[in-house]
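Undergrad: for reference, the sequence and a predicted model appear below.
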Amino acid sequence: MKAHLSQSRVFIILLSVLCLNGNCSQQSPKSEQKEQGFKTQNAESKQQALSPKKSGSDKFLRFKSFSYIDQQGTGLEAFSFLMPAEWMFEGGMTWLLDNPMMPSVSAFRVFNPNGREEFEVFPNHSFYWTTNNQQMSLFPPGSRYFGSVVKQPVTAQVALKEIVLPEQRGGFQGLTILKNENLPELPAAIGAGQQQAGVVSSATGAKLRISYVSGRVPMEEEFYGVVETMTFPTQGMYGISYNTLWYLDYIFSFKAEAGNLEKNTKIFQTIVSSFKVNPRWYAKYSNIIVYLAQQQITRIRNIGEFSRMLSMMSDQMREENLAQFKARGEVYVRVSRQFSDNILGIDRYYDPYEGREVELPSGYNYAWSNNNGEYIVTDNPDLNPNVGSNLHWELMPKK
């Protein structure tokens, strides 16, 4: 088991790390930054911000770069992405002391404070199952084995319906399942279920669409998730038994007021496709998984000790982890292109400040960027964000 854990892939961070309090009240940007431990690269402090307009040729969308800092653990930037300039982020990263297979979990939401549109990521789940009856008598279903819940594996369709939905939306009025579909292209896009020596792997993906009433407002929401299973034999006193590690991960959703979900697909896709994990953070996360599996967390008693241990972890990746990181880094682009039949299109531009390609919503003729990591897309040829601004904006060429 230790050998398997030491070679186990490191879980995608967008879908594994923050603990969201669904009842938290909305905070002002300044207080939220202080309490949640993140930074945003703000635009003009002295200029009146451009507000999105929706009429005629003046319509445009403005995006800003968002960076999340893992203050509880590594102290490093964990990830970054683009979000609409007027939207807010809420959530936080939590490191766990009792789960060597998944030492950090996340949940966060990116939402419009003046509307109902929201992109949300939910914490991953790790599970364990075995055919060893003696072990099952010591660790029955519902108990925890090395931090993972003992539960027989299920498909992604069943997991979304029976695990995620009751946890996240079970208390809402008028909850109705509109669709519950198998989505094989999702695990295929992320490379889940790849075979390993001595391990039988499989993966399923699903999409669950629901409707419900929240605060007297009818809502629609689409959930996505992947179930990955890894089964391997172990030799015991009474013969060979089979142990299964399985994970419910890549859990995220898009929601809006009923009738408006498809209208916001481009914004949701921009958030997902722009997501980037910091390789230095990823390296520490990779190394801590191996360490926890070897130590079996017997000496870790508090988060302070855990944080000190993290600071001593190398931020250099081993060769196999580096290759894995590069491969997984393309997951978000592929998922964003394949996650839904409702995708309306993305245009690609070259950002001269970042020196790389960026993806922004299609349907606009012009795209601008500045050195604060902000973007504006517009179809108005007369709109020049440099006018009245203390920032320098560059018109980006389309790829």
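TA: Good, I have the coordinates. Residues are numbered from 1 along each chain as shown.

Undergrad: can we go C-alpha only for contacts and neighbour counts from here?
TA: OK.

Undergrad: which residues of the stretch 201-350 of the chain fall in helices?
TA: Remark: helices assigned in the stretch 201-350 of the chain by DSSP state H, counting those that start in this stretch are 265-273, 279-295, 303-312, 319-328, 331-338.

Undergrad: gap between residue 122 and residue 77?
TA: 20 Å (C-alpha to C-alpha, to the nearest Å).

Undergrad: higher neighbour count, the two?
TA: Neighbour count, other C-alpha atoms under 10 Å: between residue 122 and residue 77, residue 122 has more, with 26 against 19.

Undergrad: tell me how far that one lies from residue 160.
TA: For residue 122 relative to residue 160 (C-alpha to C-alpha), the value is 11 Å.

Undergrad: so where's the stretch 51-200 of the chain uncertain?
TA: Residues of the stretch 51-200 of the chain that meet the criterion pLDDT under 70 lie in 51-58, 97.

Undergrad: one more time with 90, if that's ok
TA: Judged by pLDDT under 90, the stretch 51-200 of the chain has its weakly predicted residues at 51-61, 71-75, 92-107, 134, 145-147, 185-199.

Undergrad: looks like residue 225 contacts residue 207 (just checking).
TA: Yes - between residue 225 and residue 207 there is a contact at 6.9 Å, judged by C-alpha atoms under 8 Å.

Undergrad: leaving out chain neighbours, which residue sits closest to residue 376?
TA: Nearest residue to residue 376, sequence neighbours excluded (C-alpha to C-alpha, 6 or more residues apart in numbering): residue 62, at 4.3 Å.

Undergrad: against residue 373, how distant is that neighbour?
TA: Applying C-alpha to C-alpha, the value for residue 62 to residue 373 is 11 Å.

Undergrad: tell me where the stretch 51-200 of the chain has helices.
TA: 133-138, 156-159, 165-169, 185-190.

Undergrad: pull the last one out as CSV, backbone CA atoms only.
TA: Provided in CSV are the C-alpha atoms of helix 185-190 (Å, rounded to 0.1, in the frame of the first residue of the first chain):
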residue,chain,number,x,y,z
GLU,A,185,-15.3,12.2,-22.4
LEU,A,186,-14.6,13.9,-19.0
PRO,A,187,-12.3,11.2,-17.5
ALA,A,188,-10.8,10.7,-21.0
ALA,A,189,-9.9,14.4,-21.2
ILE,A,190,-8.1,14.4,-17.9
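
Undergrad: name the helices or strands packed onto it?
TA: Where contact means 3 or more C-alpha pairs under 8 Å, 6 or more residues apart in numbering; DSSP states H and E, helix 185-190 is packed against strand 200-214, helix 331-338.

Undergrad: is it true that residue 73 touches residue 95?
TA: Yes - taking contacts as C-alpha under 8 Å, residue 73 lies within contact range of residue 95: 6.7 Å.

Undergrad: quick one: stretch 138-155 to chain centroid distance?
TA: With C-alpha atoms, centre = their mean, to the nearest Å as the basis, stretch 138-155 stands 24 Å off its chain's centre.

Undergrad: so who does the closest residue to residue 142 other than its chain neighbours touch?
TA: Residue nearest to residue 142 in three dimensions, not counting chain neighbours: residue 150, with 5.4 Å by C-alpha to C-alpha, 6+ apart. When contacts are counted by C-alpha atoms under 8 Å, 6 or more residues apart in numbering, residue 150 touches 127, 128, 129, 139, 140, 141, 142, 143, 144.

Undergrad: how close does residue 150 get to residue 121?
TA: Note on residue 150: its distance to residue 121, by C-alpha to C-alpha, is 24 Å.

Undergrad: repeat for residue 254
TA: Applying C-alpha to C-alpha, the value for residue 254 to residue 121 is 9 Å.

Undergrad: same question for residue 359.
TA: Going from residue 359 to residue 121 by C-alpha to C-alpha gives 20 Å.

Undergrad: and the two? Which one has more around it.
TA: Each of residue 359 and residue 121 has its neighbours counted (other C-alpha under 10 Å); residue 121 has more, 26 against 21.

Undergrad: what's across from the more buried one in the sheet?
TA: residue 108, residue 252 (DSSP bridges).

Undergrad: I'd say it and residue 93 touch.
TA: No - in this structure, residue 121 is not within contact of residue 93 by C-alpha under 8 Å, at 11.9 Å.

Undergrad: identify the contacts common to those two.
TA: The contact sets of residue 121 and residue 93 overlap at 106, 107 (C-alpha under 8 Å, 6+ apart).

Undergrad: and for the closest residue in space to residue 124 that isn't next to it in sequence, the neighbour number?
TA: Spatial nearest neighbour of residue 124, excluding adjacent residues (C-alpha to C-alpha, 6+ apart): residue 249 at 4.7 Å. Counted by other C-alpha under 10 Å, the residues lying close to residue 249 total 23.

Undergrad: what's the answer for the one 10 residues further on, then?
TA: Counted with other C-alpha under 10 Å, the neighbours of residue 259 add up to 10.

Undergrad: residue 386 belongs to a helix?
TA: No - counting by DSSP: H, G, I helix; E, B strand; the rest coil, residue 386 is not found in a helix; it is coil.

Undergrad: and it, what pLDDT?
TA: On the pLDDT scale, residue 386 is placed at 92.

Undergrad: which residues touch it?
TA: Contacts for residue 386 (C-alpha under 8 Å, 6+ apart) come out as 392, 393.

Undergrad: circling back: can I assume the residue nearest to residue 376 is in contact with residue 369?
TA: No - Residue 62 is beyond contact range of residue 369, at 9.7 Å (criterion: C-alpha under 8 Å).

Undergrad: now the common contact residues for the two.
TA: Each of 375, 376 lies in contact with both residue 62 and residue 369 under the rule C-alpha under 8 Å, 6+ apart.
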